Structure formats: structure tokens, C-alpha cells
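# Okay, here's the prediction I keep looking at, along with the sequence it came from:
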Amino acid sequence: MNTAEDVGEQLVGAFQNPGLLLGIPLALAGAVFMSLGAQYQHRGVEKVERLSGAQGASGLSLNQIKRLLTRPSWIAGTLMLGLAIVCQLAALVQAPLIVVQPLGAIALVITTLLNARISGHSPTRQSITAIVCCVGGIFLFVFFAAMFATEQDVTDRELFVILAILLVVIIVLGACWLILRHRMRALFYVIGAGILYGFVATLAKVVIKRIEAGQFEWITAVCVLALVAAAAVGAYFVQTAYSSGPPDLVIAGLTVVDPLIAVLIGMVILGEAAAAPPWVLVIFGVAGAVAVWGVVGLARYHPQVLSDSQELGIVRGSGTTATPTGDGSGAQPPVPGSPGADRGTGDTDRP
């Protein structure tokens, strides 16, 4: 009974915090922009693959990257993701890291609905179960994080630890990409980007707080450089993931792995969960495991992934008229949402 009363008091106190009351809506707005931006960027990557005649599943080429910069849909998606970042940074100023980051999971629901409507691949029972695990696990986490999260000042020693771990992560991911990129699937790029973006969110939080306190010294400058490097590598992984997987799979990985990494850093290194009792830490672990299981399940059972691999017979949507090939034979109808699919016959690109 005492435990229930403590939880109730914590809950009431949490929502009397003006920072949380402002930070949570900002984080939710960022999730909406993230969802729309992902859909538009995915469309731009598909168009570039079709025009270049080469898939980017093993890594986008320099020519494909240049083409992306000219696609209206990709540019529109990038602008929306920029707005998502602004909202997220504003939320980080107002609320603790382990509260703001997990709220991005709402973008997964929005992206799933958008992609189902656009691609014609309706979610299956297995994929819906995976999505529920992703969102449910993350929201269970943020519910308790909102009650027990506390912000701590970040020391130079803690920053050194974060930067050192980030350097190791970038080296490991880079080595895996160089050696195994022809075997990698979307899940690798999604997880890699999620890990890097977790560090980006953490470093952004630190830089913002230090600038507010007037402490922009050399180590803060190093944090900015590390943040930009991690964001650049993560962005490349995200664009490559779009070429080898549906947008809701990419968002699932980002909205689960990103906050989990940021939360682990906040808990283990920054001490933001120092006030949480042991039973809450157990809930954190269970909720995180459920969310990660959901990402893996979505990567295995997403209807668009199964359809593209010919493992699941799905009726295609509109726009599947066969087009003649160079040798005069009829080509098979393109799969909506696949690299060869397009909504028109010309080189137009509507956001």
C-alpha cells in the first residue's frame, strides 16, 4: 500500500513540474515531424534508386547522395526532420533526457499508418504485435521515468567517458560496414543509427546545458564536433536503411534504440535515475527488452519486407501496370514501396 501511495505522489509531483508539462508536448510534436519526414525521405531514396538503376542496400553511392540533394520529396523530408530536431532539442532543455527521448515512439504509430496507406501493405497480426511491443515497452519506460528522473550536472570526467565510448562505437560500426556491408540488412543500419543518435541526443543535452551556464570551453567544442560526426554517420545509415527496408521499420529502430541508448547513458553515466528504487530499475529492464523484441519482430514480420522477399503473397496497390522492357518483354508490376516502384512514369517528384 505504501508503495502504491509513493507512486501516486510521484505521479502527481511529476505533472506539477512545468518543465515536463512543456517538454512532453514538444517531444510529441517532434515525433509527428519525424514520422512525416521519414516518409518523404524514404520516397526520395526510392526515386533516386530507380533513376540511378542501382540499389543502395549495401550503402548509398556518392552519385546517389548527390541525386538525393535534388529530390523535392527528400528535401521536404529533411526539412521536417529538421523541425523534429528543433522540437526535440527544445524539449531536452525543459525536461530530463530519459523522459524526452522515449516519447519519439509515437512516430512509429503515425509512420505505420502512413506507410500502409501509401504502399498498400496493410499491417499483419504479427507486425501489429511487434509495433505494440515497441510502443508499449517505451511508454511503460517513460511513465516511470517521468516520476523518478532527476537531472544532474555533467562533469568533465563523465563527458570524457561518453566521448570515449562514442569513439569506440563509431570504429566498430565503421569496421562492420566496411567488411560486411554487402551482407547487411536494414536492421543493422537501423540499430547502428539508433545507437549513434542516442549519443547525439545525450551530447546535445550536455552542450545546451553548458551553453546556458556559460561554460563553452574546449571540451564543449569537442562535444559539438563529436555530435556532428555521429549525426552524419547516423544520417548515412538511415538513408541506406530506407533503401533496404520500409520507413516504419526504420522509425521503429530509431524510436526504440535511440532512447534506450540515451537512457542507459543517462542512468549509468549521468545518474539521472539515481532516485529510482530497485523495482523501478527492473521495470526499466523489462520494458526495454520488450521494446527491442518488438523491433526485431517487426524486421522479421513486416508485410512489406516479406512481400519484397516473395515470402508473403500480398495484393499490390494501385500503379502496378506492367511496363515494357528493353527487349520487348513485359516487366512484372513493381511492388509499391520497393526500390523499383514509382508513382508516375516521368521524372517528377511530388513531396
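Cool, the structure landed.

# Check whether Thr70 sits in a helix, strand or coil.
Of the three states, Thr70 takes coil under DSSP: H, G, I helix; E, B strand; the rest coil.

# With Gln152 instead?
Applying three-state DSSP: Gln152 is coil.

# how about low-confidence regions in this structure?
1-19, 53-59, 97-98, 101-102, 119, 146, 149, 151, 302-351 (pLDDT under 70).

# Next, name the residue at the spatial heart of it.
For the chain, Leu254 is the residue whose C-alpha lies nearest the centre (C-alpha atoms, centre = their mean; 2.1 Å).

# List the contacts of that one.
34, 104, 190, 193-194, 197, 238 (C-beta atoms under 8 Å, 6 or more residues apart in numbering). (Glycine included, C-beta is placed from N, CA and C.)

# make it 6 Å
Counting by C-beta atoms under 6 Å, 6 or more residues apart in numbering, Leu254 touches Gly194.

# what ranges do the helices span in the protein?
2-14, 18-52, 62-68, 72-94, 97-100, 106-119, 125-148, 156-180, 186-212, 218-244, 247-264, 278-301, 303-308 (DSSP state H).

# Between the ones you listed, which one is closest to Glu272.
Set against Glu272 and scored by C-beta to C-beta, those come closest in helix 97-100, at 5.4 Å.

# what about Ile269, distance to Lys66?
Here the distance between Ile269 and Lys66 works out to 39 Å (C-beta to C-beta, to the nearest Å).

# Between those two, which has more neighbouring residues?
Set Ile269 next to Lys66 and count neighbours by other C-beta atoms under 10 Å: Ile269 wins out with 18 against 11.

# got a list of what the residue nearest to Ala235 when sequence neighbours are not counted touches?
By the measure of C-beta to C-beta, 6 or more residues apart in numbering, the closest residue to Ala235 outside its immediate chain neighbours is Ala193, 7.7 Å from it. Neighbouring residues of Ala193 by C-beta under 6 Å, 6+ apart: 234, 237-238.

# What is the neighbour count of Val228?
12.

# swap in the one 10 residues further on?
Neighbour count of Val238, defined by other C-beta under 10 Å: 26.

# for stretch 76-92, which positions count as buried?
Neighbour counts over stretch 76-92 (16 or more other C-beta atoms under 10 Å) mark 76-78, 80-81, 83-85, 87-92 as buried.

# how about that stretch as CSV, C-alpha atoms only?
Extracted in CSV, the C-alpha atoms of stretch 76-92 (Å, rounded to 0.1, in the frame of the first residue of the first chain):
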residue,chain,number,x,y,z
ALA,A,76,10.9,18.2,-47.8
GLY,A,77,11.5,15.2,-45.6
THR,A,78,14.8,16.7,-44.4
LEU,A,79,13.2,20.0,-43.5
MET,A,80,10.6,18.1,-41.5
LEU,A,81,13.3,16.1,-39.7
GLY,A,82,15.0,19.4,-39.0
LEU,A,83,11.8,20.7,-37.3
ALA,A,84,11.7,17.4,-35.4
ILE,A,85,15.2,18.0,-34.1
VAL,A,86,14.3,21.6,-33.1
CYS,A,87,11.3,20.3,-31.1
GLN,A,88,13.4,17.6,-29.5
LEU,A,89,16.2,20.0,-28.5
ALA,A,90,13.7,22.4,-27.1
ALA,A,91,12.1,19.5,-25.1
LEU,A,92,15.6,18.5,-23.8
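
# what residues does it touch?
23, 26-27, 29-30, 33-34, 36-37, 40-41, 100, 204-205, 351.

# quick one: which of those is most hemmed in?
Most surrounded of those: other C-beta under 10 Å gives Val100, at 30 neighbours.

# Now do the same contact list for that residue.
The contact partners of Val100, taken as C-beta under 6 Å, 6+ apart, are 23, 27, 91-92.

# quick one: which of the residues you listed is nearest Thr112?
Ala27 (18.9 Å).

# Touching, the closest one and Ile106? I think so.
No - the pair Ala27 / Ile106 is not scored as a contact, 8.7 Å apart, by C-beta atoms under 6 Å.

# now, the most widely separated pair of the contacts of stretch 76-92?
It's Lys205 and Pro351 that sit farthest apart of the contacts of stretch 76-92, by C-beta to C-beta, at 31.3 Å.

# that older thread, JSON lines for the contacts of Ala193, including distance to Leu178?
Putting the contacts of Ala193 into JSON lines (distance: C-beta to C-beta, whole Å) gives the following:
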{"residue": "Gly234", "distance to Leu178": "17"}
{"residue": "Phe237", "distance to Leu178": "13"}
{"residue": "Val238", "distance to Leu178": "18"}
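
# quick check, nearest of the residues you listed to Ile283?
Looking across the contacts of Ala193 and measuring by C-beta to C-beta, the closest to Ile283 is Gly234, at 28.4 Å.

# burial measure for the nearest residue to the closest one once chain neighbours are set aside, as a count.
In space, and not counting its chain neighbours, Gly234 is closest to Leu196: 3.7 Å by C-beta to C-beta, 6+ apart. Residues within reach of Leu196, counting by other C-beta under 10 Å, total 27.

# What distance do you get for Gly30 to Gly104?
For Gly30 relative to Gly104 (C-beta to C-beta), the value is 7 Å.

# make that Thr111, sorry
Applying C-beta to C-beta, the value for Thr111 to Gly104 is 11 Å.

# And for Val132, the neighbour number?
By other C-beta under 10 Å, neighbour count at Val132 equals 13.

# and it, what is it in contact with?
Taking C-beta under 6 Å, 6+ apart, one finds nothing in contact with Val132.
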